[in-house]
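Engineer: Sequence first, predicted model second:
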Amino acid sequence: MTSRRQFIFKTIPVVALTISASGLTQAQAQKIAETDAAATALGYKNDATKVDAKKFPAYAAGKTCSNCMLYQGKATDSWGACGAMGNKLVNGKGWCAAWAKKA
């Protein structure tokens, strides 16, 4: 027979881990698709080398999300949140018309 104390000390950690793990998966941002409304409006591309320079004359080689002021990840991160895209994840090698040089 299990005492109340043993039951509590065995049950609480399992419940806490389950709640914590489910919260983490919900809190993770999702990667933005190029077809997303915000991405389309800003001409976002997952690969900056595929940007139509005629359509977006502000684009220049070397401008990528990872060196943009709005990119919230580290420059070495492959994906990071972006303020212009509603904090959805953008590819560090991507580009959009909201690009601004990091200070």
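Structural biologist: Noted; the coordinates are in hand. Because the structure is a prediction, the values reported are computed rather than measured.
Engineer: Tell me which stretches of the chain form strands.
Structural biologist: According to DSSP state E, the chain carries its strands in the segments 79-81, 89-91.
Engineer: and the spatially most central residue of the chain, what is it in contact with?
Structural biologist: The residue lying closest to the centre of the chain (CA atoms, centre = their mean) is residue 89, at 2.0 Å. Residue 89 makes contact with 29-32, 79-82 under the criterion CB atoms under 8 Å, 6 or more residues apart in numbering. C-beta coordinates here come from the backbone N, C-alpha and C atoms, glycine included.
Engineer: Apply 10 Å and report the result again.
Structural biologist: When contacts are counted by CB atoms under 10 Å, 6 or more residues apart in numbering, residue 89 is found next to 28-32, 65, 72-73, 77-82.
Engineer: From the residues you listed, list the buried ones, please.
Structural biologist: Applying 16 or more other CB atoms under 10 Å to the contacts of residue 89, the neighbour count classes 29, 32, 65, 73, 79-82 as buried.
Engineer: Kindly reformat the residues you listed as TSV and extend each row with distance to residue 50.
Structural biologist: Formatted as TSV, the buried ones among the contacts of residue 89 follow (distance: CB to CB, whole Å):
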residue	distance to residue 50
29	23
32	15
65	13
73	21
79	17
80	19
81	22
82	18
